[in-house]
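Asks: predicted model and sequence below, questions to follow.
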Amino acid sequence: MSLDAVAVRAQFPLLQRRINGERIVYLDSANTTQKPQRVIDAMSRFASTSYAPINRSAYQLAAEATDAFEQSRDKVARFINAPHSHEVIFTKNATESLNLVVSSWARSTMRAGDAVVLSHMEHHANIVPWQMLAAERGIELRWIPLTPDGQLDLSELPALLDGAKALSITAMSNVLGTITPVTQLCAAAHSAGAVAIVDACQYVPHNPTDVQAWDADFAAFSSHKMCGPSGVGVLWGRERLLDAMPPFLGGGNMIADVRLDGFTCAALPAKFEAGTPAITEVVGLGETVDFLSELGMHQVRGHEMAMAEQVVTVLTERFGDDITLHGPTNIEARGATFSFSFRGIHPHDLSQVLDQRNVCVRAGHHCAKPLMRLMGVNATARASFYIYNDTDDIHALADALDSASDIFAF
Ligand SMILES: Cc1ncc(COP(=O)(O)O)c(C=O)c1O
């Protein structure tokens with residue numbers, strides 16, 4: 001059964017808002033997503049009736065809050081088919097999840113001269129932490145190049161992985177929409193003796209995710225990109241690796257014991273969850289997972305493939321060579337996130353003009369400056385589609401682009 005985007009959109013209160021009497025065409029979900037009423041309600045209900053400290057207090061209210069918090073962990077684990085709930089670590093966002101892996105796993109494992117393999121289309125969150133470790137330790141960063149249509153060029157992969165300790169790779173590009181062959185990449189990493197880290201930030205919200213089928217070692221993503229609240233991220237990691245890693249942050253909750261001369265760590269997942277977490281938001285994430293699971297992630301992916309196909313058809317039929325859609329032309333190899341260039345208009349100007357028609361797109365470097373440099377641009381405009389977008393939104397984007405042409409006198 002296909003997804004009914006109109007019925008889905010009706011569940012999102014913000015998308016019912018009108019600005020200057022017109023509806024909002026929200027095409028910035030690769031940046032952050034809107035929340036359905038049931039997620040807002042779940043957080044409000046929890047805050048009004050059940051909010052209390054988790055883990056530390058013996059009274060009933062605290063036990064209820066702890067249960068609600070831990071239920072979210074179970075739901076997230078099932079959502080990505082993690083073998084164990086205690087392998088799911090709640091962080092602040094995907095950025096913190098990736099920093100956790102680099103600061104804890106890589107810093108305790110990699111020595112000067114050891115190599116990590118990244119790709120040219122990584123988000124800064126999967127580049128800068130490695131560069132920080134390189135500056136500290138002298139590790140080597142190796143780069144998988146891209147094909148002209150924005151896919152990974154894997155022709156030199158065995159050589160790049162030769163002797164490498166880690167492969168850290170996006171599952172879906174936030175700029176090009178490219179979906180990478182994660183299972184193949186994890187297998188290649190393992191046969192070279194490297195650990196496989198997946199930046200799944202753009203993938204998990206849009207595709208059925210199975211970390212066991214991937215055979216990954218770590219996966220990082222953010223709640224706010226999957227209709228959940230901001231302030232919560234997830235790191236899933238293999239128990240064996242997490243157990244062997246030193247803690248990331250020190251403080252309350254992550255210890256088994258503290259004495260004047262030292263401390264011992266708590267068991268997973270608490271070992272990596274120092275301090276008071278975003279309790280209400282984690283409960284909200286649990287509701288989000290229910291919401292997406294009820295929609296069905298195969299339906300979500302199917303809807304987005306249909307959207308991607310229509311975006312290509314509508315925009316190229318209407319604007320021909322005046323529009324460049326970056327990234328793969330093969331719909332199977334991409335999501336519905338499109339960076340584009342239009343008639344030489346600067347992306348920031350374009351996004352401002354589109355905003356006059358309530359069409360929200362992102363303009364900028366998308367936290368992927370190395371990729372921008374390779375593409376030979378400083379910035380692009382990006383329209384990213386999700387479960388609440390439909391054909392009307394594609395036409396609204398095309399109409400708004402037409403009005404931009406009028407303003408810039410094309
Ligand atoms: C591919 C990718 N990785 C990591 C991140 C970082 O996510 P967050 O800002 O939620 O930490 C983003 C955010 O845009 C992203 O698109």
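Replies: Everything's here; your move. Predicted model, so just to flag it, every value in this text is computed and none were measured.
Asks: help me confirm that Arg23 comes into contact with Asn358.
Replies: Yes. Here Arg23 reaches Asn358: they are 6.7 Å apart, a contact under CB atoms under 8 Å. Where C-beta positions appear, they are placed from N, C-alpha and C, glycine not excepted.
Asks: of these two, who's got more company?
Replies: Per other CB atoms under 10 Å, whichever of Arg23 and Asn358 has more neighbours is Asn358, with 18 against 15.
Asks: ok, stretch 339-349 near the ligand or not?
Replies: No. Counting by CB under 6 Å from any ligand atom, the ligand is not contacted by stretch 339-349; separation bottoms out at 12.2 Å.
Asks: how far is that stretch from where the chain is centred?
Replies: The gap between where stretch 339-349 is centred and where its chain is centred comes out at 24 Å by CA atoms, centre = their mean, to the nearest Å.
Asks: helices of the stretch 301-410 of the chain, start to end?
Replies: 347-355, 369-375, 391-407 (DSSP state H, counting those that start in this stretch).
Asks: list the contacts of the shortest one.
Replies: If I follow you right, that is helix 369-375. Helix 369-375 is contacted by residues 120-122, 124, 127, 146, 173, 175-176, 326, 365-366, 378-380 when judged by CB atoms under 8 Å, 6 or more residues apart in numbering.
Asks: quick one: buried residues of stretch 305-322?
Replies: Judged by neighbour count (16 or more other CB atoms under 10 Å), stretch 305-322 contains these buried residues: 305-308, 310-312, 315, 319, 322.
Asks: that stretch - what's its average pLDDT?
Replies: For stretch 305-322, the mean pLDDT works out to 97.
Asks: list the contacts of it.
Replies: For stretch 305-322, with CB under 8 Å, 6+ apart as the criterion, the contacting residues are 2, 177, 323, 325, 329, 331-332, 334-336, 338, 340, 342-343, 383, 385, 389-391, 394-395, 397-398, 401-402, 410.
Asks: quick one: Asp257 and Met110, what's the gap?
Replies: In this structure, Asp257 lies at 29 Å from Met110, with CB to CB, to the nearest Å as the measure.
Asks: of these two, who's got more company?
Replies: The neighbour comparison of Asp257 against Met110 (other CB under 10 Å) goes to Met110, with 23 against 9.
Asks: any idea how far the more buried one lies from Ala220?
Replies: With distances taken as CB to CB, Met110 is found 18 Å from Ala220.
Asks: Gly250 too?
Replies: With the distance defined as CB to CB, Gly250 ends up 21 Å from Ala220.
Asks: and these two? Which one has more around it.
Replies: The residue with the greater number of neighbours, taking Gly250 and Ala220 and applying other CB under 10 Å, is Ala220; the counts read 30 against 13.
Asks: the closest residue to that one other than its chain neighbours: neighbour count?
Replies: Excluding its sequence neighbours, the residue lying closest to Ala220 (CB to CB, 6 or more residues apart in numbering) is Ser97, at 3.5 Å. Using other CB under 10 Å, Ser97 has 29 other residues around it.
Asks: please apply the same query to Asp406.
Replies: Asp406 is flanked by 9 other residues according to other CB under 10 Å.
Asks: now Asn99
Replies: By other CB under 10 Å, the burial measure for Asn99, its neighbour count, is 21.
Asks: residue contacts, it?
Replies: By CB under 8 Å, 6+ apart, the contact list for Asn99 reads 125, 129, 248.
Asks: for those residues, which one is nearest the ligand?
Replies: Distance to the ligand across the contacts of Asn99 (CB to the nearest ligand atom) is lowest for Ala125, with 4.0 Å.
Asks: can you show me the strands along the stretch 1-150 of the chain?
Replies: Ranges of strands in the stretch 1-150 of the chain, per DSSP state E, counting those that start in this stretch, are 18-19, 22-23, 25-26, 88-91, 115-119, 140-144.
Asks: make JSON lines out of those strands and add mean pLDDT and distance to Gly284.
Replies: Formatted as JSON lines, the entries for the strands of the stretch 1-150 of the chain read as follows, by pLDDT from 0 to 100; distance: least, CB to CB, whole Å:
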{"stretch": "strand 18-19", "mean pLDDT": "96", "distance to Gly284": "26"}
{"stretch": "strand 22-23", "mean pLDDT": "95", "distance to Gly284": "25"}
{"stretch": "strand 25-26", "mean pLDDT": "98", "distance to Gly284": "19"}
{"stretch": "strand 88-91", "mean pLDDT": "98", "distance to Gly284": "12"}
{"stretch": "strand 115-119", "mean pLDDT": "98", "distance to Gly284": "32"}
{"stretch": "strand 140-144", "mean pLDDT": "98", "distance to Gly284": "36"}
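Asks: I am finished for the moment; much appreciated.
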